[in-house]
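[1] Structure for this input, please:
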Amino acid sequence: DYIPTFQTYLNEVVGPRFNPNITFELLGFTTVQDHISEVDFAFVHPYNLACIVADSSWSPIATNCKSLGGQLCTTELGATIFTRKDNVEINSLYDLREKKIAIYKTVYFQSLQVPLREMLRNRHVLFADSAQVVAKTSSRNAYLEVMAGDLDA
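    Okay, here's the model as predicted:
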């Protein structure tokens, strides 16, 4: 069981490096949700983060991304909505209206539902307001098509 070992390491080695000393408690996902109001900081898997954010007033402040080099993120951690830097027509989620948009991994909550929620908060209904919505089987292909200008986001 890794939890006692990892928790001991964090509390004996990492915690004392802070002033004041901080303590760590490793919890299972359901325990985190049950006690979310009692903690100051949580490091969770993005799948869990999507549920926690939806059910509480928490918001993410950082995301891990493992990369093999270059600009492509090789680990699917949550959702990213992006466009080309030189695309001056898109400066907000609302600007995605009448644009060609790729979606990826539609079966995962964080890959589709979280971006859809953010788009709705910005008055954009993905399937009604977009010129075209294309389901992609590869995040790399979606990235390359956006960078080539074949898709807008």
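[2] Give the full set of residues in contact with Gln132.
    100-101 (Cβ atoms under 8 Å, 6 or more residues apart in numbering). C-beta here means a position set from N, CA and C on the backbone, and glycine is covered the same way.
[3] Next one: it from Ile101, what distance?
    7 Å (Cβ to Cβ, to the nearest Å).
[4] Same question for Leu151.
    Distance of Leu151 to Ile101, computed by Cβ to Cβ: 7 Å.
[5] Between the two, which contacts overlap?
    With Cβ under 8 Å, 6+ apart, Leu151 and Ile101 have common neighbours Val134.
[6] Do me a favour and get the end-to-end distance for stretch 6-24?
    In stretch 6-24, first residue to last residue: 9 Å (Cα to Cα, to the nearest Å).
[7] That one: which residues count as buried?
    11, 24 (16 or more other Cβ atoms under 10 Å).
[8] what's it in contact with?
    Against stretch 6-24 from outside (Cβ under 8 Å, 6+ apart): 25-26.
[9] Give me the average confidence score over it.
    In this model, stretch 6-24 has a mean pLDDT of 88.
[10] ditto for stretch 34-47
    67.
[11] in this protein, what secondary structure element scores lowest on mean pLDDT?
    helix 46-55 (a mean of 62; mean pLDDT, DSSP states H and E).
[12] Next, the buried residues of the helix or strand just after that one.
    Reading on from helix 46-55 to the C-terminus, the next helix or strand found by DSSP states H and E is strand 100-104. Of all the residues in strand 100-104, those buried under the rule 16+ other Cβ under 10 Å are 100-104.
[13] just the residues you listed: which has the poorest pLDDT?
    Per-residue pLDDT puts Tyr104 lowest of the buried residues of strand 100-104, at 75.
[14] What separation do you get for that one and Gln113?
    Applying Cβ to Cβ to Tyr104 and Gln113 gives a distance of 13 Å.
[15] who's Gln132 bridged to?
    Beta bridges link Gln132 to Lys100, judged by DSSP bridges.
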